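Colleague: Okay, sequence plus prediction incoming.
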Amino acid sequence: MSARDLFTLTNRHFKTSVGITAAIFVVTAIVGFIVLPFAQPWVQFANVWDAICSAAGVPQRSAAAAAQAQDKRLSEVVLTSHTLSRPNQEAIGRGATLAQRCAICHGPTGISRADSPNLAGQYAAVIYKELHDFRSGARTNAVMSPFATGLTDQEMGDLALYYAFLPRLPAYHPTPQLPKPNIVIYGAPMRGIAPCGSCHGSLDNKVGSPWLEGQSEAYMKAQLRAFAGGDRRNDISQQMRNIARAMTPQEIDEAAAYYASQPPDIVKAVD
Amino acid sequence: MLANRKLVLAHFWLAFAVFGVALTLGAWQMFIRSPLGTWLSNPELYYRSLTAHGTVMGYVFPTLVAMGFGYAISESALEQRLVGVRWAWAGFWLIVGGSIMAMIPVALGRASVLYTFYPPLIGSPFYYVGVVLVVVGSWIWVALMSINLRVWKGANPGKPVPLAMFANVAGSYLWAWTAVGAALELLLQIIPVAVGLKATIDAGLARVFFSWTLHAIVYFWLVPTYIAYYAIVPRAIGGRVYSDTMARIAFILFLVVAMPIGMHHTFGDPQVGAGFKFVHSAFTALVALPTLLTVFTICASVEIAARLRGGHGLFGWMRALPWDNPMMLALAFSFVMLGFGGAGGLINMSYQLDSSIHNTQWITGHFHLIFGGAIVIMYFAIAYDLWPHLTGREFVDLRLIRTQLWLWFIGMIITTFPWHWVGILGMPRRMAYFDFADPAIAPQALSVTFSAIGGFTLLTSGILFLVILARGMRSPAVEAGAYRFSLAVHQPATVPLALNTHALWVALMIGLTITNYGYPILTLALTEGTSVPAVYVGAQ
């Protein structure tokens, strides 16, 4: 008794089991790849082979639907958690020199008093992405766009690393007795809004999301409104536009006020 | 007493200890998600717990039970010394090491990717390597089962392989092959990204690989339960197996058709062709066959026991069954849960019906009812039956055992029935919290509350189970005698070659895997531009 006695057509168990299995496969394949595709009156196939390819999931480009022309530029930046994750002193030094021209709005220590974003301690990937988007035109601003136009990739990386290196304004929320706003902690699941805190700090941070604690309230409100109105569109896959559109004006105020709250003495100290 | 009782006990104790921990996490998850608990302000904690619960319950616990039971079967059914005891211990320690290695990053929140991995989510490489070690440890067991059977065949040429061992080896081969899907996904796709060699991953291909493992793994979990149905229950209640041949056919059918059906898990996935979805759906329908065969054969076997005990009438014989025997009770509970779970499974495998419950709590309810219910309750029964042969001590308090089984059954029904219901209402699965104050889902609050109460009933039963086993280590000593399996009404004198070996069925299993998975895997692997950037969990 060996495998040779089993794997032979004279063994009826072999013949029957292989025969039944093959028959079931052939029948189901015919039904799945030929009968059912043609049973869909709303799909037209040129021939049987076309139907089989469709059912098998052969990748094909649809000739009829040409890609829609994109009138506005989208962000071209691809970020991973390793983007600019290894700072070196030389790059930071170069960034510090370049940052001289940013200080007038963003503050000499990266803390702004002009309702421009605080850049000190911001994630390098975030600064890099925004600069890149300003240069490519994915994001536009009368003041920032001209600054970014002349920057090379390396200069943007150096600036990003320099600001990421500066000490961040510590998180400060002066009303601990009040619950954190629901929009920050829980989002609004029924409207498809993830908690702000799950990407922007307070709960967690996700690659490419800026740190918001201590940013200017007016700036954050303006950005949320710009996302909601479609004036700003450099968010990847419309993440922020979808969220901002679904937020109520009150939620925008709450979120901005929560993230903006910062200790007055620290703001004074950097003056 | 078994000669390798230490080996088997080590597997069982580790299995049930990690089961206890994962069960506690499960109950906490149900509570925190229900209206009884307040919202968890950090959902990451929920997913951390869920990853630990799934990894332990899916990979570590059932594998250890199958391995421990397999060693016991090999020694007692073949009545020969277990070959490769050192290797068996090596496999055990690999699982211990792998589990620890996987659980540390999970506990630290560095691998909250759920046990189904869900690329493009990527966690710590230690988590994946730990899981691989667990699988490698279990592959040692697969090899040992095969080797032990071969040694026995050498010494007993032409004799029928005892049913328990035939089924045990079928289960081990099924596991060896089904684990290959996830192993390929881990080794070729996920681990290279986790260690930083690549930054993108083909998530669609990964899901197809995982479906290769994910459905057949359930039948690997199921095999010890089915062995208990055939080889333990009839003996324990004083009956005989109605048909030895039918039992063998059931196990070889699992071997052949459990594998090429996993794509019913990807009904919602656009990267898989509709034709392949249909073929997998049709084969999924076939996998009901061995279960229906088993239900028939076991009911007939139980009827034999009842009639031997003086039962009569068309259904009146049921009264004569030994209902105070924990094995009888466990079997009845297991069958009821298998019936409901199986009916739900028929809905999951039907494309149109599935679309209404895909990715809802219905699915969670379904696999808890089948695995946590029908399968695990028989793991308890196996432990109760085997314990005196491992410890040399008998259980004195059968009432406590019956209470534990009742609690598990009631708890599982209370947990899973509302889950199915809210799933039909559209409640998604894998959510850390729900806003039950919202009018849209407020009516589901009551069902979810019941479900959470069921979860705590299960926890109580699980603790009771561990207490019973621990007390069983200290109860009065008894001579348990040799461990024996059920006899058939007609004990086979000879068995056709096809039903005494696994080669033909393994060949069919591999053949069907190639026909049903070959093309989808190859196209996805060879198509450019199908990868997406990895999302690193716990990374800054």
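Modeller: Nice, thanks for sending it over.

Colleague: For the host helix or strand of B:Gly518, name the packing helices and strands.
Modeller: Element membership of B:Gly518 [criterion: DSSP states H and E] is helix B:503-526. In terms of contacts (3 or more CB pairs under 8 Å, 6 or more residues apart in numbering or on different chains; DSSP states H and E), helix B:503-526 is packed against helix A:3-6, helix A:12-30, helix A:48-56, helix B:163-184, helix B:203-227, helix B:244-257, helix B:274-286. No exception for glycine: its C-beta is placed from N, CA and C like everyone else's.

Colleague: Swap in 10 Å and give it another go.
Modeller: Under the contact definition 3 or more CB pairs under 10 Å, 6 or more residues apart in numbering or on different chains; DSSP states H and E, helix B:503-526 sits against helix A:3-6, helix A:12-30, helix A:48-56, helix B:163-184, helix B:203-227, helix B:244-257, helix B:274-286, helix B:497-500.

Colleague: how about the helix or strand following that helix, does it get close to chain A?
Modeller: The helix or strand immediately downstream of helix B:503-526 is strand B:532-533, counting by DSSP H and E. Yes: using CB under 10 Å from any CB of the partner chain, strand B:532-533 reaches chain A at B:Pro533.

Colleague: The very next helix or strand once past strand B:532-533 pairs with which strands, and in what direction?
Modeller: Sequence-wise, the next helix or strand downstream of strand B:532-533 (DSSP H and E) is strand B:535-536. Sheet pairing for strand B:535-536, assigned by DSSP bridges, gives strand B:121-122 (parallel).

Colleague: which residues touch B:Thr391?
Modeller: For B:Thr391, the contact set (CB atoms under 10 Å, 6 or more residues apart in numbering or on different chains) comprises B:1, B:5, B:9, B:469, B:472-475, B:477-478, B:480.

Colleague: In the helix holding B:Gly518, which residues are buried?
Modeller: By 16 or more other CB atoms under 10 Å in any protein chain shown, the buried positions in helix B:503-526 come out as B:504-509, B:511-513, B:515-517, B:519-521, B:523-524.

Colleague: That helix - what's its average pLDDT?
Modeller: Here helix B:503-526 scores 95 as its mean pLDDT.

Colleague: Sketch out the low-pLDDT regions of the stretch 1-150 of chain A for me.
Modeller: Applying pLDDT under 70 to the stretch 1-150 of chain A flags residues A:1-3, A:61-71.

Colleague: please redo it, this time with the cut-off set to 80
Modeller: Residue ranges of the stretch 1-150 of chain A with pLDDT under 80: A:1-4, A:59-72, A:81.

Colleague: how much space between the spatially most central residue of chain A and A:His200?
Modeller: Centroid-nearest residue in chain A: A:Ile236, 4.7 Å away (criterion: CA atoms, centre = their mean). Distance, A:Ile236 to A:His200, using CB to CB, to the nearest Å: 15 Å.

Colleague: check contacts around A:Phe134.
Modeller: So A:Phe134 contacts A:140-141, A:143-149, A:151, A:156, A:234 (CB under 10 Å, 6+ apart).

Colleague: export the residues you listed to JSON lines and tack on secondary structure, distance to B:Val136 and neighbour count?
Modeller: Putting the contacts of A:Phe134 into JSON lines (DSSP: H, G, I helix; E, B strand; the rest coil; distance: CB to CB, whole Å; neighbours: other CB atoms under 10 Å in any protein chain shown) gives the following:
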{"residue": "A:Thr140", "secondary structure": "coil", "distance to B:Val136": "56", "neighbour count": "16"}
{"residue": "A:Asn141", "secondary structure": "coil", "distance to B:Val136": "56", "neighbour count": "13"}
{"residue": "A:Val143", "secondary structure": "coil", "distance to B:Val136": "60", "neighbour count": "10"}
{"residue": "A:Met144", "secondary structure": "helix", "distance to B:Val136": "55", "neighbour count": "18"}
{"residue": "A:Ser145", "secondary structure": "helix", "distance to B:Val136": "56", "neighbour count": "14"}
{"residue": "A:Pro146", "secondary structure": "helix", "distance to B:Val136": "60", "neighbour count": "10"}
{"residue": "A:Phe147", "secondary structure": "helix", "distance to B:Val136": "56", "neighbour count": "15"}
{"residue": "A:Ala148", "secondary structure": "helix", "distance to B:Val136": "52", "neighbour count": "21"}
{"residue": "A:Thr149", "secondary structure": "helix", "distance to B:Val136": "56", "neighbour count": "11"}
{"residue": "A:Leu151", "secondary structure": "coil", "distance to B:Val136": "51", "neighbour count": "17"}
{"residue": "A:Met156", "secondary structure": "helix", "distance to B:Val136": "46", "neighbour count": "23"}
{"residue": "A:Asn234", "secondary structure": "coil", "distance to B:Val136": "47", "neighbour count": "23"}
